[in-house]
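Student: Sequence plus predicted model, see below.
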Amino acid sequence: MRYADLSDYVRVNPISKIKNIGWLESGFEYEFGAVSDLALRNLREIGRASYPRLYTFNRMRGYHYCSICAVEKFSGEADRPKGNGEILVPDKTNLGSYFAAPALIVHYVENHAYCPPDEFVRSVECIDLACEFDAEIAFDALRLTHEQMVKLYKSFADQYREIDQPEYSKYRRWLEAHRLL
């Protein structure tokens, strides 16, 4: 799947507060160049981060394989570079706006010399990985109305009430913080 860098993110409808980054596809040109060590280190950490510093969203049950890599150089699908979701990075110059990139972005930067736009790189460099962030809730806040979030999160809170793990109780905590429970 390919989207131009800095184009509006589309789920069902365009979300103008989220800009696409790094949706590369074989046969399409992209920007080449170097990325700072800090940006690359933070991108790696973002991909590995876990709750309460969750930068991943739209996780899939399957995989999206890198279409730029030649399939012949891998011994099987297990060896092929793949991603199973997206990352959401807060835009440091536009409060309340974000960048969405495929989980494969680190692979694209390291193995295909992809150079994301400067505003994305600066935002990645500025991320404080010690601070809490939940990409799923941030994404929901941009794509759903408040009423839709309440309904969805009440459903999740009920569904996950027996699971004592922070990534599942976050829906209950969100409802409590908004005084809806």
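Tutor: Received the coordinates, thanks.

Student: Let me know the next secondary structure element after the one helix or strand in the chain whose mean pLDDT sits lowest.
Tutor: Scoring the helices and strands of the chain by mean pLDDT, DSSP states H and E places strand 82-83 at the bottom, with a mean of 80. The C-terminal neighbour of strand 82-83 among helices and strands, as given by DSSP states H and E, is strand 86-90.

Student: contact partners of the very next helix or strand once past that next one?
Tutor: Following strand 86-90 in sequence order, the next helix or strand is strand 98-102 (DSSP H and E). Contacts to strand 98-102, defined as Cβ atoms under 8 Å, 6 or more residues apart in numbering, come from residues 9, 17-23, 64, 83, 85-91, 108, 116, 119-120, 123, 138-139, 142. C-betas here are computed from N, CA, C, even on glycine.

Student: Give the buried residues for stretch 171-181.
Tutor: 171-172, 174-175 (16 or more other Cβ atoms under 10 Å).

Student: Ok, stretch 5-16 next?
Tutor: Neighbour counts over stretch 5-16 (16+ other Cβ under 10 Å) mark 5, 9, 15 as buried.

Student: Now these in TSV, please, with extra columns for pLDDT and secondary structure.
Tutor: Listed next are the buried residues of stretch 5-16 as TSV, based on pLDDT from 0 to 100; DSSP: H, G, I helix; E, B strand; the rest coil:
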residue	pLDDT	secondary structure
Asp5	98	coil
Tyr9	97	strand
Ile15	96	strand
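
Student: ok, of the residues you listed, which one's closest to Thr56?
Tutor: Closest to Thr56 out of these is Tyr9 (15.0 Å), distances taken as Cβ to Cβ.

Student: so who does the closest one touch?
Tutor: Tyr9 is in contact with 3, 15, 18-20, 100, counting by Cβ under 8 Å, 6+ apart.

Student: what's across from the residue nearest in space to the middle of the chain in the sheet?
Tutor: Centroid-nearest residue in the chain, with Cα atoms, centre = their mean: Ile87, separated by 1.2 Å. Beta-bridge pairing of Ile87 under DSSP bridges involves Thr56, Ala101.

Student: quick one on the thing from earlier: is it possible to mark the buried ones in the contacts of Tyr9?
Tutor: With burial judged by 16+ other Cβ under 10 Å, the buried subset of those is 3, 15, 18-20, 100.
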